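Chemist: attaching a predicted model along with its sequence, questions to come.
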Amino acid sequence: MTSGFGLVVRFTLRDADAAEAFDELVSRTLEGIRRHEPGTVVYMNHRVPGEPEVRIFYELYEDRAAFDAHEQQPHIKHFLEAREEFVSRTEVTFLEHVDGKA
């Protein structure tokens, strides 16, 4: 992959109940990603040991166009609106592919 496009997102959730509901929202969103987004190579939700209200997303797309298409999907628009109920802070880091193994 020479033109990959990715990002890492750190979500700080409001509390333990919000974390559980957020994880359920992500699982429902992943159903749409799996079915409708061939350009989404990796979309992972991670827990952070010792930080129960933190989730880290790692997202990798074939290219910027695949990311732009991802952002326009109805399931993603729903996720972006619904997550606000659970999230107290969001930090996004965009990534540019340099080298690696896929």
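Modeler: Received it, and whenever you're ready, just let me know what you need.
Chemist: and the closest residue to R64 other than its chain neighbours, what's its pLDDT?
Modeler: Using CB to CB, 6 or more residues apart in numbering and skipping the chain neighbours, the partner closest in space to R64 is F5 (4.8 Å). Backbone N, C-alpha and C define where each C-beta goes, glycine included. pLDDT, F5: 92.
Chemist: from what I see, F5 and E71 are in contact.
Modeler: No. Shown here, F5 and E71 do not form a contact pair, counting by CB atoms under 8 Å, at 11.7 Å.
Chemist: can you pull out the strands in this structure?
Modeler: In the chain, the strands defined using DSSP state E lie at 5-13, 40-48, 51-61, 87-96.
Chemist: name the residues that touch the second one?
Modeler: The contact list for strand 40-48, computed with CB atoms under 8 Å, 6 or more residues apart in numbering, reads 1, 4, 6, 23, 26, 30, 33, 54-62, 66, 70, 102.
Chemist: hang on, the earlier thing: residues near the residue nearest to R64, how many?
Modeler: Per other CB atoms under 10 Å, the neighbour tally for F5 reads 21.
Chemist: do the same with E62
Modeler: Neighbour count of E62, defined by other CB under 10 Å: 17.
Chemist: that one reaches E37, doesn't it?
Modeler: No. In this structure E62 lies outside contact range of E37 using CB under 8 Å: 10.0 Å.
Chemist: can you count the residues close to P49?
Modeler: P49 - counted by other CB under 10 Å - has 7 other residues nearby.
Chemist: need the pLDDT of it.
Modeler: In this model, P49 carries a pLDDT of 98.
Chemist: now do the contacts for the closest residue to E91 other than its chain neighbours.
Modeler: Nearest non-adjacent residue to E91, counting by CB to CB, 6+ apart: R10, 4.4 Å away. Residues in contact with R10 (CB under 8 Å, 6+ apart) are V54, R55, I56, R89, T90, E91.
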